[in-house]
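*Asks:* Okay, predicted coordinates and the sequence, questions at the end:
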Amino acid sequence: MPRRLWIAVLSVWPGMPQVWSGQEVLGLILGVTFAALLNFAMVARFIWTESFASGWPDFLAALALCHWLSSFGYTLWWVWLCHPERHRAEIDHLFREATEYYLQGHWNEARRRYERILSMDETDADTFMQLGTLYVRVEQPALARRAFRQCLELEGGAKWRWEIQQSLTRIGDGSPP
């Protein structure tokens, strides 16, 4: 099952697709808020029926339904319009362009393309690695260290561990990342 479809299926419970795709804080906020509204609505309707004025159980149920619908709508919007997989062809094109500019010595053009890729997919470890390498080339060690460390924090960054350690040693930060 494609990743985007799997995320859409997880939309049954608000917050699950966000947690699964790396937006843990937003996912927890959506999930906990929905769970609290749903529980409160169920308690008002079925358990403490005398404790609430008439109309409140219906209001709470409607509020929980509106929260679910808005979370579902947001998730579908994000999956179909903003998910990095939707931009994969453009990301690949930008990566090739950035690499060509890097090899030609056009550092600013390469940097702009790498940063544009990261604006579309902030989990692209290969782009962070290339950006760090570019910063080493233009003698900006602080930015290089930051890019390398961000690369290592990502799921796909482990494959670059040796290269990053070598680069950090060359720029004067021999401490293990």
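*Replies:* Sure, I can see it. Owing to the predicted nature of the structure, the values given are computational and were not obtained by experimental measurement. Numbers count the residues shown, from 1 in each chain.
*Asks:* At which residues are the helices of the chain located?
*Replies:* Along the chain, the segments classed as helices by DSSP state H run 3-10, 16-20, 24-42, 56-77, 88-104, 107-120, 125-137, 141-153, 161-170.
*Asks:* Redo those as TSV? Include mean pLDDT, mean neighbour count and distance to residue 50.
*Replies:* The C-beta positions use only the backbone N, C-alpha and C, and glycine is treated the same way. Conversion of the helices of the chain to TSV gives the following (pLDDT from 0 to 100; neighbours: other Cβ atoms under 10 Å; distance: least, Cβ to Cβ, whole Å):
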stretch	mean pLDDT	mean neighbour count	distance to residue 50
helix 3-10	70	15	38
helix 16-20	80	20	35
helix 24-42	91	16	15
helix 56-77	90	15	11
helix 88-104	91	15	56
helix 107-120	92	18	54
helix 125-137	94	22	57
helix 141-153	92	19	53
helix 161-170	90	15	63
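*Asks:* and these as CSV, adding distance to residue 48?
*Replies:* Shown next, in CSV, are the helices of the chain (distance: least, Cβ to Cβ, whole Å):
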stretch, distance to residue 48
helix 3-10, 32
helix 16-20, 29
helix 24-42, 10
helix 56-77, 9
helix 88-104, 51
helix 107-120, 49
helix 125-137, 51
helix 141-153, 46
helix 161-170, 56
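*Asks:* do you know which of those lies nearest residue 49?
*Replies:* Closest of the helices of the chain to residue 49 is helix 56-77, at 7.4 Å (criterion: Cβ to Cβ).
*Asks:* which helices and strands does that closest one pack with?
*Replies:* Applying 3 or more Cβ pairs under 8 Å, 6 or more residues apart in numbering; DSSP states H and E, we find helix 56-77 packed against helix 3-10, helix 24-42.
*Asks:* quick one: it to chain centroid distance?
*Replies:* 23 Å (Cα atoms, centre = their mean, to the nearest Å).
*Asks:* hang on, the earlier thing: format the helices and strands packed on helix 56-77 as a markdown table; extra columns: distance to residue 150.
*Replies:* A markdown table is the format used below for the helices and strands packed on helix 56-77 (distance: least, Cβ to Cβ, whole Å):
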| stretch | distance to residue 150 |
| --- | --- |
| helix 3-10 | 22 |
| helix 24-42 | 17 |
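*Asks:* how many other residues sit next to residue 121?
*Replies:* Number of residues near residue 121 (other Cβ atoms under 10 Å) recorded here: 14.
*Asks:* Phi first, then psi, for it.
*Replies:* Dihedral angles of residue 121 (phi, psi; degrees, to the nearest 10) stand at phi -150, psi 100.
*Asks:* Quick check, it in contact with residue 87.
*Replies:* Yes: applying Cβ atoms under 8 Å as the test, residue 121 and residue 87 come out as touching, 6.9 Å apart.
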